[in-house]
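> Give me a 3D structure for the following:
(one chain, ligands or ions: 2)
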Amino acid sequence: MSKLEAGMEASVRKKEISVPKSMKAWVLDNPGELRLTEKLVPKLGPAEVLVRVDAVAICATDVEVLTKGLPAMIEGGAPFNKNFTPGHEYMGTIVKVGTGVDEWGIGDRVAVEVHAGCGRCERCRMGMYTSCLNYGLNYGEKNKGHRANGFTTDGGFAEYAVNHINTLVHVPDHMTDEEATLIVTAGTAMYGLDALGGLIAGESLVVTGPGPIGLMAVAIGKALGAQPVILTGTRDARLNLGMRLGADHAINVRKEDPVGAVKRITLGRGVHYVMECSGAPHALNEAMDMVNRGGRICLAAFPAEPVLVDLAKLTHNNIYVFGIRGEGRSATHRAAALMAQRRFEAKLMHTHTFALEELPTAFRYFRERIEDAIKVVIKVHG
Ligand SMILES: [Zn+2]
Ligand SMILES: [Zn+2]
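Ligands and ions are numbered 1, 2, ... in the order given. Here you go, the predicted model:
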């Protein structure tokens with residue numbers, strides 16, 4: 001049998017993946033209340049595929065959705081008591097394709113971007129689908145085709161999910177399900193580096209805050225050739241992980257003033273870029289003291305309350321500040337390519353695995369950082 005025939009046989013065999021009529025899914029009742037229930041396996045529209053969820057990671061934004069609602073929005077309002085399934089950092093296997101879909105086939109392993117976007121507004125047309133002007137308009141007469149799974153449409157804390165083909169990212173055979181759930185986080189870090197100017201070989205980068213996005217920003221910045229890459233934070237375990245992911249220097253801000261440390265390392269010059277991933281109230285002011293004149297700062301996190309900012313310093317020093325939302329402009333594909341090439345060990349960030357039924361326990365590990373939990377993954381199938 002030739003390779004081609006073997007391949008064809010394999011694809012015929014894959015077309016036999018059976019799909020049940022109903023599935024297990026978690027839904028959000030009142031704030032903070034998740035309930036495991038049975039739902040019908042969702043139907044497909046054109047340009048959509050059905051993904052069997054193999055693994056899904058918990059993200060800080062899921063905690064926001066569970067407790068506060070926003071940024072999730074169902075039928076124009078809060079997502080509570082609407083039979084809504086959260087969860088957005090998932091990966092899985094395509095088990096069914098909608099009409100006209102020949103870009104992907106049954107059996108393909110995929111990670112997913114969160115935002116499909118409406119595809120018809122000005123921002124979507126620019127590739128900025130995470131800033132879709134029709135966010136949340138995906139129901140009834142106001143349906144503009146927008147989808148953000150886990151935010152405005154059902155997400156991945158379930159056995160199956162519907163995804164638009166624009167949200168799919170190929171997962172190579174050698175990558176585990178758990179590691180593939182990190183692709184979307186890597187995509188957000190990549191999008192931040194895009195905002196700062198893209199290719200940064202030989203340029204210097206500070207990442208403030210070693211949460212999942214900050215750690216990914218370190219890994220991707222280094223994979224793109226940034227030098228030096230300096231990570232700041234408060235916890236040694238996270239900072240050490242940052243060093244393993246590619247940081248040249250890690251500064252514990254409880255032991256050393258971070259601005260002084262950056263000046264020391266760069267011989268007084270400051271850095272080209274700061275990626276702010278801490279959300280600390282003073283972070284932007286400090287970042288302005290870390291970059292050189294004409295430097296660029298990207299805000300990937302934000303404080304809970306409004307903060308005072310020294311705007312005169314910003315202007316006098318021609319400093320650029322950007323805010324990013326999500327992972328637009330197909331940044332996820334570029335981040336996934338670096339992971340597929342094993343440019344860094346993303347799987348170091350995965351610390352815990354639970355079954356679908358154990359979701360509340362998994363959330364507890366994530367929120368309370370039990371056993372230094374970073375990325376807590378729910379293994380749904382396989
Ligand atoms: Zn997330
Ligand atoms: Zn749009």
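
> Can you pull the residues of the stretch 1-150 of the chain lying near ligand 1?
Within the stretch 1-150 of the chain, the positions near ligand 1 by Cβ under 5 Å from the ion are 59, 61. Where C-beta positions appear, they are placed from N, C-alpha and C, glycine not excepted.

> So which residues of the stretch 1-150 of the chain form strands?
22-28, 34-40, 48-57, 89-97, 109-112 (DSSP state E, counting those that start in this stretch).

> Please list all residues in contact with the residue nearest in space to the middle of the chain.
Residue closest to the mean C-alpha point of the chain, counted by Cα atoms, centre = their mean, is Thr185 at 2.9 Å. Listed by Cβ atoms under 8 Å, 6 or more residues apart in numbering, the contact partners of Thr185 are 57, 59, 89, 212-213, 216, 349, 375.

> any idea which of the residues you listed is closest to Lys144?
Proximity of the contacts of Thr185 to Lys144 (Cβ to Cβ) peaks at Glu89, which lies at 24.5 Å.

> Hmm, Cys59 and that closest one touching each other?
Yes. Taking contact to mean Cβ atoms under 8 Å, the distance of 5.3 Å between Glu89 and Cys59 places them in contact.

> what about Val95, how many neighbours?
Using other Cβ atoms under 10 Å, Val95 is surrounded by 20 other residues.

> Excluding sequence neighbours, find me the nearest residue to the closest residue to ligand 2 within the stretch 201-350 of the chain.
Closest residue of the stretch 201-350 of the chain to ligand 2, Cβ to the ion: Gly328 (10.9 Å). Of all residues not flanking Gly328 in the chain, Thr130 sits nearest, at 4.2 Å (Cβ to Cβ, 6 or more residues apart in numbering).

> quick one: the helices in the stretch 1-150 of the chain?
For the stretch 1-150 of the chain, the helices defined by DSSP state H, counting those that start in this stretch occupy 3-14, 60-68, 122-125.

> The ones you listed: lowest mean pLDDT?
Lowest mean pLDDT of the helices of the stretch 1-150 of the chain: helix 3-14, a mean of 48.

> which bits of this protein sit near ligand 2?
By the rule Cβ under 5 Å from the ion, the part of the chain lying against ligand 2 is 117-118, 121, 124, 132, 134.

> can you do 6 Å?
117-118, 121, 123-124, 132-134 (Cβ under 6 Å from the ion).

> My guess is Asp29 contacts Lys82. True?
No. Asp29 is not in contact with Lys82 according to Cβ under 8 Å; the separation is 9.3 Å.

> how about the helix or strand harbouring Thr351 as CSV, C-alpha atoms only?
Per DSSP states H and E, Thr351 falls inside strand 350-355. Extracted as CSV, the C-alpha positions of strand 350-355 are listed here (Å, rounded to 0.1, in the frame of the first residue of the first chain):
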residue,chain,number,x,y,z
HIS,A,350,1.3,23.3,33.2
THR,A,351,1.2,22.3,36.9
HIS,A,352,-2.1,20.4,37.6
THR,A,353,-4.6,18.2,35.8
PHE,A,354,-8.2,17.3,36.8
ALA,A,355,-11.2,15.5,35.3
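
> elements contacting the helix or strand following it?
Using DSSP H and E, the helix or strand that follows strand 350-355 in sequence is helix 359-368. Applying 3 or more Cβ pairs under 8 Å, 6 or more residues apart in numbering; DSSP states H and E, one finds that helix 359-368 contacts strand 34-40, helix 60-68, strand 350-355, strand 375-379.

> Tell me the strands beside the third one, with direction?
Based on DSSP bridges, the strands next to strand 350-355 in the sheet, each with its direction, are strand 375-379 (parallel).

> Go through the strand it pairs with and flag the buried ones.
375-379 (16 or more other Cβ atoms under 10 Å).

> same thing with stretch 235-249?
238-239, 241-242, 245-249.

> Repeat that for stretch 58-69.
By neighbour count, with 16+ other Cβ under 10 Å as the criterion, the buried positions of stretch 58-69 are 58-59, 61-62, 65-66, 69.

> Switch those over to JSON lines; also include distance to Pro258.
Formatted as JSON lines, the buried residues of stretch 58-69 follow (distance: Cβ to Cβ, whole Å):
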{"residue": "Ile58", "distance to Pro258": "28"}
{"residue": "Cys59", "distance to Pro258": "25"}
{"residue": "Thr61", "distance to Pro258": "26"}
{"residue": "Asp62", "distance to Pro258": "29"}
{"residue": "Val65", "distance to Pro258": "31"}
{"residue": "Leu66", "distance to Pro258": "32"}
{"residue": "Gly69", "distance to Pro258": "34"}
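
> Could you work out the most separated pair of these?
Ile58 and Gly69 (17.3 Å).

> Could you find the residue in this protein that comes nearest to ligand 1?
Closest point on the chain to ligand 1, by Cβ to the ion, is Cys59, at 3.0 Å.

> one step back: go through the contacts of Thr185 and give me the one with the most neighbours.
Going by other Cβ under 10 Å, Met216 tops the contacts of Thr185 with 31 neighbours.

> in what helix or strand does Ala237 lie?
Counting by DSSP H and E, the element that carries Ala237 is helix 236-244.

> Quick one: distance of that helix to the chain centre.
Its chain's C-alpha centre and that of helix 236-244 lie 20 Å apart, by Cα atoms, centre = their mean, to the nearest Å.

> Can you check what angle separates it from strand 350-355?
Relative orientation of helix 236-244 and strand 350-355, computed by axes from the mean of the first three to the mean of the last three Cα atoms, to 10 degrees: 110 degrees.

> Let's test this: mean pLDDT of helix 236-244, rounded?
Mean predicted confidence for helix 236-244 is 98.

> Go ahead and name everything in contact with that helix.
So helix 236-244 is contacted by 207, 210-211, 214-215, 218, 231, 233, 247, 250-252, 345, 348-349, 372, 374 (Cβ under 8 Å, 6+ apart).
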